[in-house]
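Q: Show me how the following folds:
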Amino acid sequence: MNEKGGYTCRPSRPIAPRTCPCAQEVALHGSLRNGRARDGRITLDGEWAWFHSRRRSKWCWSIGMRKTELSLAHVYGLLEPGPVVLLTTSMKGRNNVMTLSWHTMVEFEPPAVACVLGDGDYTFSILKKTRECVINIPTLELAPQVVACGNASGRGIDKFEQFGLTAKAATTVAAPIIDECYASLECKVVDTRLVNKYGMFILEVLKTWVDPSNKNPKTLHHRGNGVFMVAGDTIRLPSRMK
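A: Numbers count the residues shown, from 1 in each chain. Below is the predicted model:
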């Protein structure tokens, strides 16, 4: 929408045409590459257009064949923000670790993170009872351990011993820090209102540790079905954000 309350066409790269039958009298704002009006229809090559008729008016967008439909079961692979983390917990002196990629920041200061766990996860019950954990951020070098921890349950094995991870004592929570990870965030659960419905825990970060020698950490980002993307180039742009 422009400043006068109207709509402005958006240019786009040429895509396969599609016919829109929604209008009888057509008025177009902007250019239509290879557009043709005929019998109350208009064929588009990927532009916004305003359609008028006696019954209705609407904006229409021509969806070309450059894209194909994706199964809804795979949407998470497009939106998982990453990086993949190793979430550690401890109960009755027994440490556990799980691989997690469904998380997001929800507050700046004090920092708060939302994490989604399945209620069938061993860590789910521990976190619900102890209300504390550590979010450990691994890098590319720990990829084998990341996958291994995600494919095994801590109910019957000690993942630290099994997969060669070193547990170090945290300062504010009982859950351990993973020494091999680039960064570790000591957290406590501060909101459980969405746990029963969505498995979402809201965590407040109490203390954060980071390896200063790692200037360009190559973190892992899950794309689904065992496919990971490694963090790429870093750029700096003018911004007022912290």
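Q: Residue 99 should be in a strand, yeah?
A: Yes. Per DSSP: H, G, I helix; E, B strand; the rest coil, residue 99 lies within a strand segment.
Q: Please name the residues that touch it.
A: Residue 99 is in contact with 84, 85, 86, 87, 146, 147, 149, 150, counting by Cβ atoms under 8 Å, 6 or more residues apart in numbering. Using the backbone N, CA and C atoms, a C-beta is placed for each residue, glycine as well.
Q: cutoff 10 Å now
A: Neighbouring residues of residue 99 by Cβ atoms under 10 Å, 6 or more residues apart in numbering: 84-87, 123, 138, 145-152, 159, 220, 222.
Q: Next, work out how far apart the closest residue to it other than its chain neighbours and residue 184 are.
A: Excluding its sequence neighbours, the residue lying closest to residue 99 (Cβ to Cβ, 6 or more residues apart in numbering) is residue 150, at 3.4 Å. In this view, residue 150 and residue 184 are 18 Å apart by Cβ to Cβ, to the nearest Å.
Q: Now do the buried residues in stretch 153-165.
A: 154, 159, 160, 163, 165 (16 or more other Cβ atoms under 10 Å).
Q: Give me the subset of the contacts of residue 99 that lies in strands.
A: Judged by DSSP state E, the subset of the contacts of residue 99 located in strands is 85, 86, 87, 220, 222.
Q: picking that back up, tell me the buried residues within the contacts of residue 99.
A: Here, 16+ other Cβ under 10 Å leaves 84-87, 123, 138, 145-150, 152, 159, 220, 222 buried among the contacts of residue 99.
Q: so where's the longest strand in this structure?
A: strand 200-210.
Q: avg pLDDT for it?
A: If you average the pLDDT over strand 200-210, you get 97.
Q: name the helices or strands packed onto that strand?
A: strand 103-107, strand 112-116, helix 122-130, strand 132-137, strand 183-191 (3 or more Cβ pairs under 10 Å, 6 or more residues apart in numbering; DSSP states H and E).
Q: and the fourth one, which strands flank it?
A: So the one you mean is strand 132-137. Within its sheet, and counting by DSSP bridges, strand 132-137 is paired with strand 85-91 (antiparallel), strand 183-191 (antiparallel).
Q: Of those, which is nearest residue 108?
A: Nearest to residue 108 among these is strand 183-191 (14.2 Å), distances taken as Cβ to Cβ.
Q: is it true that residue 70 touches residue 77?
A: Yes. Taking contacts as Cβ atoms under 10 Å, residue 70 lies within contact range of residue 77: 8.8 Å.
Q: Show me which of these two is the more surrounded one.
A: residue 77 (15 against 10; other Cβ atoms under 10 Å).
Q: Now the more buried one: closest residue in space, sequence neighbours ignored.
A: residue 224 is the one closest to residue 77 (Cβ to Cβ, 6+ apart), at 3.1 Å.
Q: follow-up on the earlier one: need the winner for burial among the helices and strands packed on strand 200-210.
A: strand 132-137 (a mean of 26; mean count of other Cβ atoms under 10 Å).
Q: Dump it to PDB, keeping only the CA atoms.
A: C-alpha atoms of strand 132-137 as PDB (Å, rounded to 0.1, in the frame of the first residue of the first chain):
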ATOM      1  CA  GLU A 132      16.500 -25.800  34.800                       C
ATOM      2  CA  CYS A 133      18.900 -26.700  32.000                       C
ATOM      3  CA  VAL A 134      21.900 -25.500  29.900                       C
ATOM      4  CA  ILE A 135      21.600 -24.700  26.200                       C
ATOM      5  CA  ASN A 136      25.000 -25.700  24.700                       C
ATOM      6  CA  ILE A 137      25.800 -24.500  21.200                       C
END
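Q: No further questions, thank you.
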